[in-house]
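>>> I'll drop the sequence and a predicted model, then ask my questions.
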Amino acid sequence: MATPILYSLRNCPYAMRARIAIFKARQQVELRDVILSNKPAEMIAVSPKGTVPVLVVDQSSVIDESLDIMLWALGKSDPDDLLQSRDSSALPNMLKLITVFDNEFKVCLEKYKCAKRYHENTVAECRQACEVYLQALEQGLNEHDFIFSEKESLVDLALLSFIRQFARVERQWYLQSPYPKLRQWLNSYLQSPMFTKVMSKYPLWQENQEAVFFGKG
């Protein structure tokens, strides 16, 4: 069976969390790093919406939503029980929390990033909108070691790249912010060997080049 193909972009938060799940699931994919200003025709042919990540499982199966790619990978193999399979209510509750961040926090984060980038006078207001969600995470991390429970879960992997983005908008403010547990949680990931591997830089994919593999088969 052919190795699945993952079209990715190194710093895209959605592609990042797809790679994290693939790595954690110890799956192997052929990695095709692309830039969205020059999308390969091969990627557009399988996913016309033209965004990353795109996972080509085989000729009849294409997954082009990052959370679905995470679930595909962990459905194949979940050695760390990130889906917390012993608790039937865990996955629905995790997906509910991730959806809130994908649909609500991400909107606030984009407004915050834009306000800072264009030196608007709404930076503090936009940051405070994001903080509503961070306060909930800090509270959870005061109660257990990870966001969802005492064990690492799908939630940690799904939110990581977006919290990383938030932390980079106003670095000095973030370092002094009232979220010590969240900073500790984020740092533990950013300094991990896993994150180093997931963020390794690869040459941009070109047709007919030698395949680049990511993860562990």
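Sure, I can see it.

>>> can you tell me the element the closest residue to Glu104 other than its chain neighbours falls in?
Excluding the flanking residues, the one nearest Glu104 by Cβ to Cβ, 6 or more residues apart in numbering is Tyr133, at 7.1 Å. For the C-beta atoms, the positions are set from N, CA and C on the backbone; glycine is no exception. Assigned by DSSP states H and E, Tyr133 falls within helix 123-143.

>>> okay, buried residues for that helix please.
Neighbour-count burial for helix 123-143 flags 123, 126-127, 129-131, 133-134, 137-138, 140-141 (criterion: 16 or more other Cβ atoms under 10 Å).

>>> the residue nearest to Glu104 reaches Asp102, doesn't it?
No - counting by Cβ atoms under 8 Å, Tyr133 sits too far from Asp102 to count as a contact (11.3 Å).

>>> now, among the buried residues of helix 123-143, which is nearest to Asp81?
Distance to Asp81, by Cβ to Cβ, is smallest for Gly140 among these, at 18.7 Å.

>>> next, count neighbours for the closest residue to Cys130 other than its chain neighbours.
In this structure, Cys130 finds its nearest non-sequential neighbour in Cys108, 4.7 Å apart by Cβ to Cβ, 6+ apart. Look at Cys108: counted by other Cβ atoms under 10 Å, it has 19 neighbours.

>>> for Cys108, helix, strand, or coil?
With DSSP: H, G, I helix; E, B strand; the rest coil as the basis, the three-state label of Cys108 is helix.

>>> which residues does it contact?
126, 129-130, 132-133 (Cβ atoms under 8 Å, 6 or more residues apart in numbering).

>>> redo those as JSON lines? Include distance to Ala211.
What follows is these, written out as JSON lines (distance: Cβ to Cβ, whole Å):
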{"residue": "Cys126", "distance to Ala211": "42"}
{"residue": "Ala129", "distance to Ala211": "43"}
{"residue": "Cys130", "distance to Ala211": "39"}
{"residue": "Val132", "distance to Ala211": "44"}
{"residue": "Tyr133", "distance to Ala211": "39"}
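
>>> tabulate those in JSON lines, adding columns for pLDDT and distance to Trp173.
Shown next, in JSON lines, are the contacts of Cys108 (pLDDT from 0 to 100; distance: Cβ to Cβ, whole Å):
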{"residue": "Cys126", "pLDDT": "98", "distance to Trp173": "12"}
{"residue": "Ala129", "pLDDT": "98", "distance to Trp173": "14"}
{"residue": "Cys130", "pLDDT": "98", "distance to Trp173": "11"}
{"residue": "Val132", "pLDDT": "98", "distance to Trp173": "16"}
{"residue": "Tyr133", "pLDDT": "98", "distance to Trp173": "16"}
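
>>> of those residues, closest to Leu74?
Tyr133 (23.8 Å).

>>> re earlier: what distance do you get for the residue nearest to Cys130 to Met70?
Cys108 sits 22 Å away from Met70, going by Cβ to Cβ, to the nearest Å.

>>> which other helices and strands does the helix holding Tyr133 contact?
helix 106-117, helix 154-169, helix 180-190 (3 or more Cβ pairs under 8 Å, 6 or more residues apart in numbering; DSSP states H and E).

>>> buried set for the shortest one?
Taking 16+ other Cβ under 10 Å as the basis for neighbour counts, the residues of helix 180-190 that come out buried are 181-183, 185-186, 189.
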